[in-house]
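Chemist: sharing a model that was predicted from the sequence below.
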Amino acid sequence: MSIATFLIISIIKSIAVIGVLLTAVAYSVWLERKVSAHIQNRWGPTRVGPFGLLQPLADGAKFIFKEDLTQPHVYKPLYIAAPMIAMIFAITSISVVPFGNSIYIPETHVGHLFTIPEIDTPLEITDLNIGLLLILGVTSMGVYGVALAGWASNNKYSLLGGLRASAQMISYEVSLGLSLIPVLIKSGSFSLRTIVESQAHLHWNVWSCPVWYVPLGPIAFFTYLISAYAETNRTPFDLPEAESELVAGYHTEYSAMKFAMFFMAEYANMVTVACLATLLFFGGWLGPVFGPPILAMVLPILWFCLKVFFFMFLYVWVRWTLPRFRYDQLMAFGWKVLLPLAVANIVLTSLYVALTS
Amino acid sequence: MLHLILFLFFGLLCVAGAINLLAQSHPINSALSLIVVMGSLAAEYLLLGAEFLAAVQVIVYAGAIMVLFVITIMLLNAGAEERTKGSRVAILLGVPGAVIGAVLVVWTLLFRSNTSAVTIGALPGGPQEIARLLFHQFLLPFEITSVLILIAIMGAVVLASRPDAVAKRHHTEAPKAMPELVGAGKEH
């Protein structure tokens, strides 16, 4: 494959993936509103389009046309940079997530004009051999968006909200990283495609589905899930956000498009967490594949999207079911329960792998 | 060729961040410059072929340690530093001294040491090799570093705790805060 072809295909893949991600972020807002409404025995958005499906477009238009105030008392460079930082690091993680096997398009001739060369690309933007570490690094850097937003707003409520949120995020990052180590012990590589392919031999019954493939897998999975809910500041750990209902929070001085960027960054982080959960514990794109080659290329993408959708639904379901933790309960839980549990899980998994191989 | 351009770019970015760290008067701007330095160091590790180290540098240094720096600066609400007479003299003497020192170090490294150029991938540095070294050959320094960090944490906890809590633990007298209660006890 020549370098020009590679470049054009990479650009097309990047644009497609980012477009799908941003659409998914917008429609996860729709999902949240509909699911929360039905849990609370009401309808949710029904007016704008069938089933309220055009509601995100209306929300986007609202955010664009709203007045974008920049208060005089804020520290302008960081005030403008903080939502950008949050958004950049939220979207970067999708670049190493694989969606399917690979696409193969044989050489086609368009009349006598030109030929589209043979295309055989894996379904991801890139496959780094440290893909998992990149996602962990990017979520670590995403804390700056919150902390700097709270600081730059020059407002004591924003500052305290931002500091609480960033302290919570860095506390749960530790158990997030540690809970993923048993998966790494079993699969032996940081590359996300290799991790999924090492689960390909399992047969998807109760005894050998990918969650059990890692010894004590459910413990690792639930530790990861709880740490990720706390990392993305979602209920039951959303005191930084809920406090904003009571007082302010780190995005109080933000209006219109800058607030929308924080909002989208939060949902993009949720999508990243869902993607990582499906890739590491539920087999990614693996599932029954049948039919002609074109179907065999598209079906893995379908299975991946269904699993990610399930995790997004789980996020919303948990949010509107459980009450939230108080801040000291939250921090105590993170350091005194989850961290020892994650470390004990690593020790037990290593013992199991060392004794059985 | 591209390798050299990228190396020079990230090297200059690192040095520019470091100089900006010293030149800024508000500590939060210095902390942000230090984050730029950590990030460009991670890029340099990547250019040397140590991708695991680059990722760990971003996760640990730029993503955790610098966050703690930034949180501390925000909590302490340190204002911009003031320029006094002493600090102006220090700048006048210190900057040329630092430049001379840097030139000496660079000259020694370039012309007096006999290291040869290294290409990407020449040194093995994947996670397996690092783990093997860390847990076989360098196990004792690893464990001692853990104990060192533990001592630092214990010292921080002791320094940050309240004086009467420390006094209670050591069974010494707490500071006399409420003389009227002491007097009431003596009257009995």
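Modeler: Alright, I've got the coordinates.

Chemist: which bits of chain B sit near chain A?
Modeler: Listed as neighbours of chain A in chain B under the rule C-beta under 8 Å from any C-beta of the partner chain: B:28, B:35, B:51-52, B:54-56, B:58-59, B:62-64, B:67-68, B:70-71, B:74-75, B:127. No exception for glycine: its C-beta is placed from N, CA and C like everyone else's.

Chemist: I'd say B:L68 and A:E173 touch.
Modeler: No: the pair B:L68 and A:E173 does not pass the contact test of C-beta atoms under 8 Å, sitting 11.9 Å apart.

Chemist: the two: who's more crowded?
Modeler: Counted by other C-beta atoms under 10 Å in any protein chain shown, B:L68 and A:E173 do not tie: A:E173 has more neighbours, with 24 against 12.

Chemist: give me the pLDDT for the more buried one.
Modeler: According to the prediction, A:E173 has pLDDT 93.

Chemist: helix, strand, or coil at the residue in chain B that chain A sits nearest to?
Modeler: Chain A sits closest to B:G63 of chain B, with a gap of 2.6 Å, by C-beta to the nearest C-beta. Secondary structure, DSSP: H, G, I helix; E, B strand; the rest coil: B:G63 is helix.

Chemist: can you get me a residue count around it?
Modeler: 26.

Chemist: I'd like the distance between it and B:Q57.
Modeler: B:G63 sits 9 Å away from B:Q57, going by C-beta to C-beta, to the nearest Å.

Chemist: now do the same contact list for the closest residue to A:L239 other than its chain neighbours.
Modeler: Among residues not flanking A:L239 along the chain, A:Y327 sits closest, at 5.1 Å (C-beta to C-beta, 6 or more residues apart in numbering or on different chains). With contacts defined as C-beta atoms under 8 Å, 6 or more residues apart in numbering or on different chains, A:Y327 is in contact with A:R164, A:Q168, A:L239.

Chemist: my guess is the second one contacts A:D238. True?
Modeler: No: under the criterion of C-beta under 8 Å, A:Q168 is not in contact with A:D238, lying 9.5 Å apart.

Chemist: residue boundaries of the helices in the stretch 1-150 of chain A?
Modeler: A:3-39, A:55-65, A:76-92, A:131-141, A:143-152 (DSSP state H, counting those that start in this stretch).

Chemist: out of the ones you listed, nearest to B:V99?
Modeler: helix A:76-92 (28.8 Å; C-beta to C-beta).

Chemist: tilt between the closest one and helix A:3-39?
Modeler: Orientation check (axes from the mean of the first three to the mean of the last three C-alpha atoms, to 10 degrees): helix A:76-92 against helix A:3-39 gives 100 degrees.

Chemist: mind giving me the packing neighbours of helix A:76-92?
Modeler: Here helix A:76-92 touches helix A:3-39, helix A:131-141, helix A:143-152, helix A:256-281, going by 3 or more C-beta pairs under 8 Å, 6 or more residues apart in numbering or on different chains; DSSP states H and E.

Chemist: how about a cut-off of 10 Å?
Modeler: helix A:3-39, helix A:131-141, helix A:143-152, helix A:256-281, helix B:27-47 (3 or more C-beta pairs under 10 Å, 6 or more residues apart in numbering or on different chains; DSSP states H and E).

Chemist: please save the CA atoms from that helix in PDB.
Modeler: Written as PDB, here are the backbone C-alpha positions of helix A:76-92 (Å, rounded to 0.1, in the frame of the first residue of the first chain):
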ATOM      1  CA  LYS A  76      -8.700  34.700  30.400                       C
ATOM      2  CA  PRO A  77      -6.000  32.400  29.000                       C
ATOM      3  CA  LEU A  78      -6.900  29.500  31.300                       C
ATOM      4  CA  TYR A  79     -10.600  30.300  31.200                       C
ATOM      5  CA  ILE A  80     -10.600  29.800  27.400                       C
ATOM      6  CA  ALA A  81      -8.100  26.900  27.400                       C
ATOM      7  CA  ALA A  82      -9.800  24.700  30.100                       C
ATOM      8  CA  PRO A  83     -12.800  23.500  28.100                       C
ATOM      9  CA  MET A  84     -10.500  22.900  25.100                       C
ATOM     10  CA  ILE A  85      -8.100  20.800  27.300                       C
ATOM     11  CA  ALA A  86     -11.100  18.800  28.600                       C
ATOM     12  CA  MET A  87     -12.400  18.200  25.100                       C
ATOM     13  CA  ILE A  88      -9.100  17.400  23.500                       C
ATOM     14  CA  PHE A  89      -8.200  14.800  26.000                       C
ATOM     15  CA  ALA A  90     -11.700  13.300  26.000                       C
ATOM     16  CA  ILE A  91     -11.700  12.700  22.300                       C
ATOM     17  CA  THR A  92      -8.100  11.500  21.900                       C
END
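
Chemist: what comes up buried for it?
Modeler: For helix A:76-92, the neighbour count (16 or more other C-beta atoms under 10 Å in any protein chain shown) marks A:78-79, A:81-83, A:85-92 as buried.

Chemist: residues near B:R83, how many?
Modeler: Neighbour tally, B:R83, other C-beta under 10 Å: 10.
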